[in-house]
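# Dropping a prediction and its sequence here:
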Amino acid sequence: MGTIATPLMNSAVRRPMAGTLAIYLKEAKYEFLKLLRIPMYTASVLLFPLMFYILFGLAFGKQQIDGVRQSAYLLATYGTFGVMGASLFGTGAAMAAERGLGWIQVKRASPMPPFAYFTAKIAVSIGFSAIVVLLLTLLGFLFGGVHMSPLAVIKLIGTLVAGCIPFCALGLVIGYFAGPNSAPATINLIYLPMSFCSGLWIPYLFLPKFVQQIAQAMPSYHLSQLALGVVGAGRHESSLWHWGVMLAFTLLCLAAARIGFRRDEGKLYG
């Protein structure tokens, strides 16, 4: 098996750039349709952030947190919460399930570009993140009394959607190191405590001091602070610092995911 597969792995399939792009787009399209047809994914990723925002952001929207309306403040924090869920479940849980079914091995044996699979996962997570943020923003403007300039709205949406990349990278790590049955539980064990410690449910100012210190190492904290800065709240720390921490976290997770990729490759071809 190893002597046959190694030459196949090393032989590159040459195709026009347009053909390669079409493969990437088609892979992303069917990945999106697949997740859209899974009720548990769409319900948890789309409905949970909207439900929490309706209960706490709209029902008590006239109150103020950190000098801004609660509906605007929670738009930033629940937007971060929604982006995390879309990214972690869209990459981590989906990859772990497909590894268990042997689908990744089938993809490797095909002439499909090797990165098309991972690119599709990340692209679809970005797409669902954008949908979550857009729906939250629409609720805030229509029913929460949120008032922001068009430029600020674009900046908020762009910040939150771009901020899903570190969580996609973390999802790749979970997808390679967690089993198909344990991946959802593993994600929740990371996702929920990280959300609490980063001040997404309880404002950062009200968290205990030791939790505030833990939050500094979490990408969710840094993304939420960037989003809060757009709505006029937060700690007004350096944006470069926040982006730098998230970039470092992303690179660390990608390095760990590469180890998982090599480990699986060794099992298959070694």
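Sure, I can see it.

# Grab the nearest non-local neighbour of the residue nearest to the spatial centre of the chain.
For the chain, residue 87 is the residue whose C-alpha lies nearest the centre (Cα atoms, centre = their mean; 2.4 Å). Among residues not flanking residue 87 along the chain, residue 167 sits closest, at 3.6 Å (Cβ to Cβ, 6 or more residues apart in numbering). Placement of C-beta: from N, CA and C, glycine included.

# Could you check how far that neighbour is from residue 62?
When Cβ to Cβ, to the nearest Å is the yardstick, residue 167 and residue 62 sit 32 Å from each other.

# what's the following helix or strand after the helix or strand encompassing residue 229?
Take DSSP states H and E as the rule and residue 229 turns out to sit in helix 219-231. Counting by DSSP H and E, the next helix or strand C-terminal to helix 219-231 is helix 239-269.

# is it true that residue 121 touches residue 94?
Yes - contact between residue 121 and residue 94 holds when scored by Cβ atoms under 8 Å: they sit 6.6 Å apart.

# what about the helix holding residue 229, average pLDDT?
Taken as a whole, helix 219-231 has an average pLDDT of 96.

# And stretch 82-93, by the same measure?
93.

# That one: end-to-end distance?
Looking at stretch 82-93, the gap from its leading to its trailing residue is 16 Å under the measure Cα to Cα, to the nearest Å.

# Off-centre distance for it?
With Cα atoms, centre = their mean, to the nearest Å as the basis, the distance from the averaged C-alpha position of stretch 82-93 to the chain average is 5 Å.

# In that stretch, which residues are buried?
Burial within stretch 82-93, assessed by neighbour count using 16 or more other Cβ atoms under 10 Å, is assigned to 82-93.

# Redo those residues as CSV? Include distance to residue 35 and secondary structure.
Conversion of the buried residues of stretch 82-93 to CSV gives the following (distance: Cβ to Cβ, whole Å; DSSP: H, G, I helix; E, B strand; the rest coil):
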residue, distance to residue 35, secondary structure
82, 15, helix
83, 15, helix
84, 16, helix
85, 12, helix
86, 9, helix
87, 12, helix
88, 13, helix
89, 9, helix
90, 6, helix
91, 11, helix
92, 13, helix
93, 10, helix
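
# Which residues are in contact with each of residue 121 and residue 94?
residue 31 (Cβ atoms under 8 Å, 6 or more residues apart in numbering).

# And the contacts of stretch 243-258?
Taking contacts as Cβ under 8 Å, 6+ apart, the residues outside stretch 243-258 that touch it are 163, 165-166, 169-170, 172-173, 175-177, 217, 219, 222-223, 226.

# returning to what we had before: which elements pack onto the helix holding residue 229?
Counting contacts by 3 or more Cβ pairs under 8 Å, 6 or more residues apart in numbering; DSSP states H and E, helix 219-231 packs against helix 70-87, helix 150-162, helix 165-177, helix 183-197, helix 239-269.

# if we go to 6 Å?
With contacts defined as 3 or more Cβ pairs under 6 Å, 6 or more residues apart in numbering; DSSP states H and E, helix 219-231 has these neighbours: helix 70-87, helix 150-162, helix 239-269.

# where among these is the average confidence lowest?
Across those, the stretch with the lowest average pLDDT is helix 239-269; it has a mean of 88.

# Taking helix 219-231 as reference, get the angle to that one.
Using axes from the mean of the first three to the mean of the last three Cα atoms, to 10 degrees, the direction of helix 239-269 lies 140 degrees away from that of helix 219-231.

# measure residue 25 to residue 119 for me?
The spacing between residue 25 and residue 119, counted by Cβ to Cβ, is 10 Å.

# out of those two, which sits in the more crowded spot?
Set side by side, residue 25 and residue 119 show unequal neighbour counts under other Cβ atoms under 10 Å, the larger going to residue 119 at 17 against 14.

# Tell me, how many residues neighbour the spatially closest residue to that one that is not a sequence neighbour?
Using Cβ to Cβ, 6+ apart and skipping the chain neighbours, the partner closest in space to residue 119 is residue 24 (5.8 Å). Burial measure for residue 24: 17 neighbouring residues, criterion other Cβ under 10 Å.

# ok, residue 121 and residue 94, which is more surrounded?
Just comparing residue 121 and residue 94: by other Cβ under 10 Å the higher neighbour count belongs to residue 121, 25 against 22.
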